[in-house]
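Asker: here are the coordinates; sequence isn't available:
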């Protein structure tokens, strides 16, 4: 049954629509995603935990969902807002509709809102706190509730609960050509909200993977004797996970470390760089990035709300990738220590370089 839904942004903007899944009331940061496809991957990406998602592409749901395209074990977004929902998917891989998936995880899905107007406001002001309700249509009352929202440690809600290995044999999403996870180098993955797509891609590079909870301390990581460490992407701001920053500061110089997304920001902070909030942030799979050494440009997928302040990069740290939209830092590498970071998801990097360049850089550090 469709219900009326009211969305109120912290700037006072009000939008009305009706549900195609779920019901209730949600207070959370609202971001937009400009992808034309990949809505299932987007809403199950741990990097979107705790957010409401507004899709800019007008028709969402046309190819349904299936068991293999999730990037985690559940829907991470707290609400999904679209212009028009396609209730009857047509695709040979579809096993259910988007509404089925949202209802399964008790997530509100709303259609009929002016997603272009929502996106323009977020583009100008950055992600905003918002409240979405099917219980009340009173904008003033809902606006007052936004002040109740308090930033939380979203990483704690999506990270692994215990240390475990990852191999083709234990991953139902593995591609037929993926390695078996018993490779030449043992790599620890500090899970801040790691995507299954990244872990699966890493198997192709002769790696044995051990996935660690985000709270794992530096001493415990070193006791595992990995050849290197990957700090994954994840949700929220770097300030919400000071314990990860503290661990990285202890590990610098003791093993090769690669930071991705949120991990990229934290690793840069660990060597002395500063982080600032980005407006509107970097989301979806249409972020053009240039590799500085070759000058080639590719299209990346990103999911971060902050960026590095270029002027604060310490001596010995060089720029490796640059965002073409605003010339912000999309990647860095230390010239003396085995440290590197990229703001984008390397397993879905597209363009002349393919997706193997950052992986090759990391494995070279492991081999040195």
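Answerer: That came through, no problem. Everything quoted here is computed from the prediction, not taken from an experiment.

Asker: okay, now the residue nearest to residue 343 when sequence neighbours are not counted: neighbour count?
Answerer: Nearest non-adjacent residue to residue 343, counting by C-beta to C-beta, 6 or more residues apart in numbering: residue 330, 4.7 Å away. In short, each C-beta sits where N, CA and C put it, glycine included. The number of residues packed around residue 330, counting by other C-beta atoms under 10 Å, is 28.

Asker: kindly report the same for residue 124.
Answerer: Neighbour number of residue 124 under other C-beta under 10 Å is 10.

Asker: work out for me the element it sits within.
Answerer: If you go by DSSP states H and E, residue 124 is part of helix 115-125.

Asker: ok now the helix or strand that the residue nearest to residue 343 is a member of, how far from the chain's centre?
Answerer: Using DSSP H and E, residue 330 sits in strand 329-334. In terms of C-alpha atoms, centre = their mean, to the nearest Å, the centre of strand 329-334 is found 18 Å from the chain centre.

Asker: can you give me the buried ones in the strand ranked longest in the chain?
Answerer: Counting by DSSP state E, the longest strand found in the chain is strand 275-291. Residues of strand 275-291 classed as buried by neighbour count (16 or more other C-beta atoms under 10 Å): 275, 278, 280, 281, 282, 283, 284, 285, 287, 289, 290, 291.

Asker: could you work out the most separated pair of those residues?
Answerer: 280 and 291 (24.1 Å; C-beta to C-beta).

Asker: run me through the strand neighbours of the lowest-mean-pLDDT helix or strand in the chain, direction for each.
Answerer: One helix or strand of the chain scores below all others by mean pLDDT, DSSP states H and E: strand 275-291, with a mean of 87. The pairing partners recorded for strand 275-291 under DSSP bridges are strand 297-308 (antiparallel), strand 317-323 (antiparallel).

Asker: what angle separates the shortest one from strand 329-334?
Answerer: Relative orientation of strand 317-323 versus strand 329-334 (axes from the mean of the first three to the mean of the last three C-alpha atoms, to 10 degrees): 160 degrees.

Asker: give me the residues contacting the helix holding residue 124.
Answerer: Applying C-beta atoms under 8 Å, 6 or more residues apart in numbering, the contact partners of helix 115-125 are 7, 9, 11, 13, 15, 30-32, 34, 54-56, 58, 81-83, 128, 279-280.

Asker: let's see that with 7 Å instead.
Answerer: Residues from elsewhere that reach helix 115-125, judged by C-beta atoms under 7 Å, 6 or more residues apart in numbering: 9, 11, 13, 15, 30-32, 54-56, 81-83, 128, 279-280.
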